[in-house]
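Below are the sequence and a predicted model; questions follow.
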Amino acid sequence: MSFTRRNFIMQSGLGAASILTRMRRAAAEKRGDQDALQKQLTADPQRPQYHFLPPANWMNDPNGPLFWKGSYHLFYQHNPNGAYWGDMHWGHARSKDLVHWEHLRMALAPTPRGPDKDGCFSGSAFVNDGVPTLVYTGVFPEVQCLATSDDAMIRWKKFECNPVLDAPPAGLQVTGFRDPTIWKEADSWLMTVGSGFKGQGGAVLLYGSKDLTHWTYLHTLLTASPFEEKTHAAHAVRYDAVAVGDMWECPDFLPLAQKHCLLVSTQGRVYYFTGSYSHQKFQRESAGLVDGSDLYYAAKSFLGQGGRRILWGWLREARTEAAQRQAGWAGVMSLPRVLSLGPEDSLQIDPIPELRMLRGKHFEFGGSEVSSLLPIEEIRGGTVEIRLKAELRDARQVGLKVRQSPDAAEETTIAYDTATQNLVLDTRRSSLTPDASRRVYTTPLKLRAGEPLELTIFVDCSVVEIFANRRANLTGRIYPSRLDANGIGVIVSGGRSRINSIEIHEMLPISQDRLTT
Ligand code: DQQ
């Protein structure tokens, strides 16, 4: 007998009326839960106002960003069941301006008994002969799959012969095999897959294909080398390949000016390698960090309107898992960052100029010497963009306090430390609640003699994103408990500094209800 609702009712021995009543009640409860959750999210002061978020629940990696037929598409790893990692789906949203978003139906969900039955993990989007196509990883075991859609990109159909790659290359003992990226060169398709070798480090595997369905393993595009500081613990009780750097996740390979750039995520950080690429071989020449914080991960780029290379990253939470579940949401998308090639083939990173459309009330001053804390009374707020340009002079530290309560019981400090040549984000006093982590984040920033410090800081409720001198980034999460923790001030210690200019803009929300759309 087939399993229909009618058969189920007949077999269960319960009266049809009573079963239907129960089903209706369950549906109503679910609707009620959703309404209650939406109300909770709308009223949550920690929920960012101008960063992209899913409507509720868990989000991690950005997946398959694509500019197609006049719209920006963003997919992301999403658990629709709660604010915790698991049951990986691909959430989907669309935007005309990279700032305001419209949530769309889920793009990918695990297919029972399919190669992605245990989750649709990270991957990429590309266009094949006019057809938008996704490539992603199915897990247990890790395999690579395809899905396509029509122009609207709303309904995705999985390729019936999935998986197109059902195992890592024969003879290679790899630590993982996931997060594919596909692009075309002449009449061949190329695909990178994140991988690595136990005890040796991460690797990116390169494959080639003529038809997207039959793939040949070519060679490693790059393997780890002594640049990466590794804490090799292949013998540890619980060996974690990503934690020790033996597995490179989410590789992204992109042309940048006359060079190429490879991004990989491992050991909680996103690394970049720039170098030369020809005949399917990559020669790394320069390397660095995309962001100094381990709260920024799984970065993924795409080609935007006007040929700009735009990067998304996942911002993790920095509070307990219990607090995340209770909040009903976890994970934020970074602001979109524009990549370009800087001096000595370093990666130059700027916030997208489109964010300026969110600027509201504004305040600026400049040209004063400062040697202590200078509170800025004219403007306060938990959603601001701050631009500071300062000559360091003989100061030890120059920077800002943000989200400061009037009694300074809660405050977050962002500073450049001239002695250590580090950019510092100090969240030890950011929150009085015990759920929030209290840490000092640092990243190296060497200023040339006489070079002014140039900070652009975005504060958005619980998010802080810092861009320094176009070559250092630091991201943090803060959870001030007090609604009056909104003060801003310039801070100079250990000497005097000249503040050439400071500009503060209130940032407008991208939706009326913190639900993004
Ligand atoms: N997250 C995905 C994986 C990827 C990892 C699973 C990186 O595909 O390797 O949610 O955060």
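Good, I have the coordinates.

Just want the phi and psi numbers for Gln305.
phi -60, psi 140 (degrees, to the nearest 10).

so how far is the ligand from it?
27 Å (C-beta to the nearest ligand atom, to the nearest Å). Every residue, glycine included, has its C-beta placed from N, CA and C.

Could you give the number of residues near that residue?
A count of neighbours around Gln305, defined by other C-beta atoms under 10 Å, yields 12.

ok, it to Ser71 distance?
10 Å (C-beta to C-beta, to the nearest Å).

Tell me the residues on the stretch 201-350 of the chain that lie near the ligand, please.
Counting by C-beta under 6 Å from any ligand atom, the residues of the stretch 201-350 of the chain close to the ligand are Glu249, Cys250, Tyr297, Ala298.

same thing with the chain?
So far as C-beta under 6 Å from any ligand atom goes, the chain lies against the ligand at 60-61, 77, 88, 121-122, 137, 178-179, 249-250, 297-298.

one more time with 5 Å
Asp61, Gln77, Phe121, Ser122, Arg178, Asp179, Glu249, Ala298 (C-beta under 5 Å from any ligand atom).

Now the fifth one: closest residue in space, sequence neighbours ignored.
Setting aside the residues directly before and after it, Arg178 is nearest to Thr137 in space (C-beta to C-beta, 6 or more residues apart in numbering), at 4.0 Å.

Let's check: the centremost residue of the protein is which one?
Centroid-nearest residue in the chain: Trp314, 1.7 Å away (criterion: C-alpha atoms, centre = their mean).

where's that one relative to Glu369, distance?
For Trp314, the distance to Glu369 equals 41 Å [C-beta to C-beta].

now Gln421
Remark: distance between Gln421 and Glu369 (C-beta to C-beta) = 22 Å.

now Tyr479
Distance, Tyr479 to Glu369, using C-beta to C-beta: 35 Å.

Which one of the two is surrounded by more residues?
Tyr479 (24 against 12).

does that one really touch Ser462, like I thought?
Yes. If you go by C-beta atoms under 8 Å, Tyr479 and Ser462 touch, sitting 5.3 Å apart.

Between those two, which contacts overlap?
Common neighbours of Tyr479 and Ser462, counting by C-beta atoms under 8 Å, 6 or more residues apart in numbering, are Gln46.

quick one: buried residues of stretch 509-516?
Pro509, Ile510, Arg514, Leu515, Thr516 (16 or more other C-beta atoms under 10 Å).

ok, the closest residue to the ligand within the stretch 201-350 of the chain - contacts?
Among the residues of the stretch 201-350 of the chain, Glu249 lies closest to the ligand, at 3.6 Å counting by C-beta to the nearest ligand atom. For Glu249, the contact set (C-beta under 8 Å, 6+ apart) comprises Ser122, Gly176, Arg178, Asp179, Gly194, Val242, Val264, Ser265, Thr266, Ala298.

helix or strand for the last one, which one?
Looking back up the chat, that one is Ala298. Ala298 is located in strand 296-303, with elements delineated by DSSP states H and E.

Touching that strand from outside, list them.
Residues from elsewhere that reach strand 296-303, judged by C-beta under 8 Å, 6+ apart: 60-67, 122, 124-125, 249-250, 252, 254, 263, 265, 268-270, 290-291, 309-316, 334, 339, 473, 475.

which of those residues are buried?
Applying 16+ other C-beta under 10 Å to these, the neighbour count classes 60-67, 122, 124-125, 249-250, 252, 254, 263, 265, 269-270, 290-291, 309-316, 334, 339, 473, 475 as buried.

Ramachandran coordinates for Asp513?
phi -130, psi 20.

Leaving out the residues flanking it, which one is nearest to it?
Thr42 is the one closest to Asp513 (C-beta to C-beta, 6+ apart), at 4.5 Å.

hang on, the earlier thing: the residue of the stretch 201-350 of the chain closest to the ligand bridge partners, please.
Note on Glu249: beta-bridge partners Ser265, judged by DSSP bridges.

give the contact list for Asn500.
By C-beta under 8 Å, 6+ apart, the contact set of Asn500 is Gly366, Gly367, Lys389, Ala390, Glu391, Pro452.

Look up which helix or strand the residue nearest to the centre of the chain falls in, please.
strand 309-315.

rewinding a little: can I get the buried residues of stretch 509-516 in JSON lines including distance to Phe458?
Listed next are those as JSON lines, based on distance: C-beta to C-beta, whole Å:
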{"residue": "Pro509", "distance to Phe458": "14"}
{"residue": "Ile510", "distance to Phe458": "13"}
{"residue": "Arg514", "distance to Phe458": "17"}
{"residue": "Leu515", "distance to Phe458": "20"}
{"residue": "Thr516", "distance to Phe458": "16"}
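
Helix, strand or coil: sort out Ser18 for me.
helix (DSSP: H, G, I helix; E, B strand; the rest coil).

I misspoke; the intended subject was Lys30.
Of the three states, Lys30 takes helix according to three-state DSSP.

State the distance from the closest residue to Glu391 other than its chain neighbours to Met153.
Leaving aside its sequence neighbours, Glu391 sits nearest to Arg498 (C-beta to C-beta, 6+ apart; 4.3 Å). According to C-beta to C-beta, Arg498 stands 51 Å off from Met153.

Looking at those two, which is more packed in?
Remark: of Arg498 and Met153, Met153 carries more neighbours, 22 against 18, as counted by other C-beta under 10 Å.

Might you report the residue contacts of the residue of the stretch 401-517 of the chain found nearest the ligand?
Residue of the stretch 401-517 of the chain nearest the ligand, by C-beta to the nearest ligand atom: Thr475 (15.2 Å). The contact partners of Thr475, by C-beta under 8 Å, 6+ apart, come to Asp291, Ser293, Leu295, Tyr296, Gly313, Leu315, Ser334, Tyr441, Val463, Val464, Glu465, Ile466.
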